[in-house]
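Trainee: Here's my sequence, what's the structure:
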Amino acid sequence: MANNISSGLHNKAIEYRRRAREGDPGSVTGQLQGYAEQNSGDLFKCLAWFLEANGHWGDAGEKLYVHRHTQRYRMKRVEEITGRDLNQSQDRMEFWLALKAKELIDQARMGKTAV
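Mentor: Model (predicted):
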């Protein structure tokens, strides 16, 4: 069972890397990038800190120097833009994988590592 889960996560991670590398507008990062290009604010950073804080708005807000209600509003925008629910563990996992894939691709573009 553990191997099936591990294999599934690995395959999902590969898919997110491929979609993010290709700039797929349907991917999680593609949807947020499209929003970021038209609006101010960095929802990627807000989402990353939210996930790092295990879904605690106040803790994420402290790291970003914003009020927890501001952080909560931003996470609501992420949900609206992507059609995903941050209260669902599968959606949180998909966000995390997508952000990690974006991070690797951004590093590769800057010449820090190979993808």
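
Trainee: And the closest residue to residue 35 other than its chain neighbours, its phi and psi?
Mentor: In space, and not counting its chain neighbours, residue 35 is closest to residue 81: 5.1 Å by CB to CB, 6 or more residues apart in numbering. From N, CA and C alone the C-beta is placed, and that goes for glycine too. Main-chain torsions, residue 81, degrees, to the nearest 10: phi -70, psi -40.

Trainee: thinking residue 81 is in contact with residue 29, fair?
Mentor: No. Under the criterion of CB atoms under 8 Å, residue 81 makes no contact with residue 29, lying 11.2 Å away.

Trainee: Counting neighbours, go ahead and name the busier of those two.
Mentor: Neighbours were counted for residue 81 and for residue 29 using other CB atoms under 10 Å; residue 29 has more, 25 against 16.

Trainee: the helices in this protein, which residues?
Mentor: Assigned helices in the chain, in chain order: 2-21, 28-38, 43-52, 57-64, 68-82, 89-109 (criterion: DSSP state H).

Trainee: export those helices to TSV and tack on mean pLDDT?
Mentor: Formatted as TSV, the helices of the chain follow (pLDDT from 0 to 100):
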stretch	mean pLDDT
helix 2-21	58
helix 28-38	81
helix 43-52	94
helix 57-64	94
helix 68-82	94
helix 89-109	87
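
Trainee: just these: most buried one?
Mentor: helix 43-52 (a mean of 20; mean count of other CB atoms under 10 Å).

Trainee: Identify all contacting residues around that helix.
Mentor: For helix 43-52, contacts defined as CB atoms under 8 Å, 6 or more residues apart in numbering pick out 29, 32, 35-36, 57, 60, 63-64, 71, 74-75, 77-78, 81, 86, 92, 95-96, 99, 102.

Trainee: Identify the residues contacting the residue nearest to residue 35.
Mentor: By CB under 8 Å, 6+ apart, the contact set of residue 81 is 31-32, 35, 43.

Trainee: try residue 66
Mentor: Contacts of residue 66 by CB under 8 Å, 6+ apart: none found.

Trainee: Same check on residue 92?
Mentor: 51, 55, 86.

Trainee: nearest spatial neighbour of the second one, skipping sequence neighbours?
Mentor: Which is residue 55. Leaving aside its sequence neighbours, residue 55 sits nearest to residue 86 (CB to CB, 6+ apart; 6.8 Å).
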